[in-house]
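Novice: okay, predicted coordinates and the sequence, questions at the end:
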Amino acid sequence: MFRTPRRSPPVSTATPPPAAPLDSVSQTATQAGSWVDDNWAGWLSAGLRIVLILVIAIALRTIVRRTISKLIERMNRGAEAAAGTALGGLLVNAERRRQRSEAIGSVLRSVASFLILGTAALTVLSVLRIDLAPLLASAGVAGVAIGFGARNLVTDFLSGVFMILEDQYGVGDVIDAGVASGTVVEVGLRVTKLRGDNGEIWYVRNGEVKRIGNLSQGWATAAVDVQVGAGADLTRARTVITETADVMGKEDPWDEYLWEPVKVLGLESVGPEFSVIQLQAKTMPGKAAPVARELRWRIKQAFDREGIPLSGGAPAATVTDPAADAAEGAPMAPGADESAPPPAGQRPTTVPSPAAGEE
């Protein structure tokens, strides 16, 4: 038997891939090293500039905010010192000055921080060689959209800022804001809080206020009308009114509330049954109503003592007997005197007028 010889496996003729040449790796490393060598100085310079910008911005912001805070504290101390003097309580409202100064200080600190940090951010972006034109354009479009959507909020804020800066009103003032009226409890940049006459609290948006009537600035006027009877002695009434007002102006606390002597302006109106004498008094702001009420009270008492009627008196009322009414149509007896007084049942009864001043 013949054996078949075994065949050896075929030998592959493919050549292995050539290994990366060491010179190309070295060349790549050399290029990277040269790129780093060329740019590290710029990176270091940019980094140092950014750090310097941030340090300057933070330091400047801190200095400005502290300066504003010290100015506000000085304003508050001046208001408190003035409030402790003899006339300070009349001319200075410490709480009003404090809230106004705090609001102004808050606005100034916010504006200063925005300007300083915003400028620093733009400077850093320019150091990093970032094109600011698209960024500013996008910010402008976003600002317009936000401003259009929140225009009421922006209006309230700006109106509040100008109201505070111009000192149109403050805490403790009695104002008429059109939409509401009352005593100012709190003044904010967006909302003003009022206390109404019945104790209610009104929250008035500053942007809705179109006009302000401040009843507490400068001085107030108390006007009083005194109605006297038509037959009263007007000269005597004027003398009594003047004497009563002079006595009131020398007593506490009316000597502080009355800033000028009470003036008798004269006759406001004249009628067949009464005449009206008008008085006017210049008072401390917010004290016109109590001064007017006290004047009426004292003048009423003085007129009662002097017997001067405050009105023309009530007309006489006639009371008749019902039985006499039935007899009105009865014929008169022959020989009766027409001038004789009527019977008791038909005689009118006059009701006496009330005492002076009881009208």
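Specialist: Great, that's in hand.
Novice: what separates Arg77 from Arg100, distance-wise?
Specialist: As for Arg77, its distance to Arg100 is 15 Å (criterion: CB to CB, to the nearest Å). Backbone N, C-alpha and C define where each C-beta goes, glycine included.
Novice: strands along the stretch 201-350 of the chain, start to end?
Specialist: Along the stretch 201-350 of the chain, the segments classed as strands by DSSP state E, counting those that start in this stretch run 201-205, 213-214, 220-229, 263-270, 274-283, 318-319, 349-350.
Novice: lowest-confidence stretch among these?
Specialist: Note on those: lowest mean pLDDT is at strand 318-319, with a mean of 36.
Novice: more crowded one of Arg77 and Arg100?
Specialist: When Arg77 and Arg100 are compared for neighbours, Arg100 comes out ahead with 23 against 10, by other CB atoms under 10 Å.
Novice: assign that one to helix, strand or coil.
Specialist: Assigned with DSSP: H, G, I helix; E, B strand; the rest coil, Arg100 falls in the helix class.
Novice: contacts only, for it.
Specialist: Arg100 sits next to Ile164, Asp167, Gly170, Val187 when contact means CB atoms under 8 Å, 6 or more residues apart in numbering.
Novice: dump the strands of the stretch 201-350 of the chain into a markdown table; add distance to Ile68 and mean neighbour count as well.
Specialist: Below are those laid out as a markdown table (distance: least, CB to CB, whole Å; neighbours: other CB atoms under 10 Å):
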| stretch | distance to Ile68 | mean neighbour count |
| --- | --- | --- |
| strand 201-205 | 27 | 15 |
| strand 213-214 | 28 | 14 |
| strand 220-229 | 35 | 18 |
| strand 263-270 | 48 | 12 |
| strand 274-283 | 38 | 19 |
| strand 318-319 | 81 | 10 |
| strand 349-350 | 80 | 10 |
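Novice: out of the contacts of Arg100, what pair is the most spread apart?
Specialist: Asp167 and Val187 (10.2 Å; CB to CB).
Novice: higher neighbour count, those two?
Specialist: Val187 (22 against 12).
Novice: what's in contact with stretch 119-134?
Specialist: With CB under 8 Å, 6+ apart, stretch 119-134 has contacts from Ala46, Arg49, Ile50, Ile53, Leu54, Ile56, Ala57, Leu135.
Novice: and the two most separated of those residues?
Specialist: Maximum distance among the contacts of stretch 119-134 (CB to CB): 22.0 Å, for Ile56 and Leu135.
Novice: check contacts around the nearest residue to Val226 once chain neighbours are set aside.
Specialist: Setting aside the residues directly before and after it, Val226 is nearest to Ile277 in space (CB to CB, 6 or more residues apart in numbering), at 4.6 Å. Counting by CB under 8 Å, 6+ apart, Ile277 makes contact with Asp225, Val226, Gln227, Val228, Leu234, Ala237, Arg238, Ile241, Val264, Gly266, Leu267, Glu268.
Novice: residues contacting the last one?
Specialist: To tie it back to what came earlier, the one meant is Glu268. Contacts of Glu268 (CB under 8 Å, 6+ apart): Asp225, Val276, Ile277, Gln278.
Novice: how close does it sit to Val262?
Specialist: 15 Å.
Novice: likewise for the fourth one?
Specialist: In this structure, Val228 and Val262 are 17 Å apart, going by CB to CB.
Novice: mean confidence score for stretch 164-182?
Specialist: Predicted confidence along stretch 164-182 averages 84 (mean pLDDT).
Novice: and that stretch, which residues are buried?
Specialist: Ile164, Gln168, Tyr169, Gly170, Val171, Asp173, Val174, Ile175, Ala177, Ala180, Ser181, Gly182 (16 or more other CB atoms under 10 Å).
Novice: end-to-end on it?
Specialist: In stretch 164-182, first residue to last residue: 18 Å (CA to CA, to the nearest Å).
Novice: thinking again about what came up before, take the buried residues of stretch 164-182 and keep only those in helices.
Specialist: Among those, the ones falling in helices (DSSP state H) are Ile164.
Novice: tell me which two in the buried residues of stretch 164-182 are the farthest apart.
Specialist: Most distant of the buried residues of stretch 164-182, by CB to CB, are Ile164 and Ser181, 19.8 Å apart.
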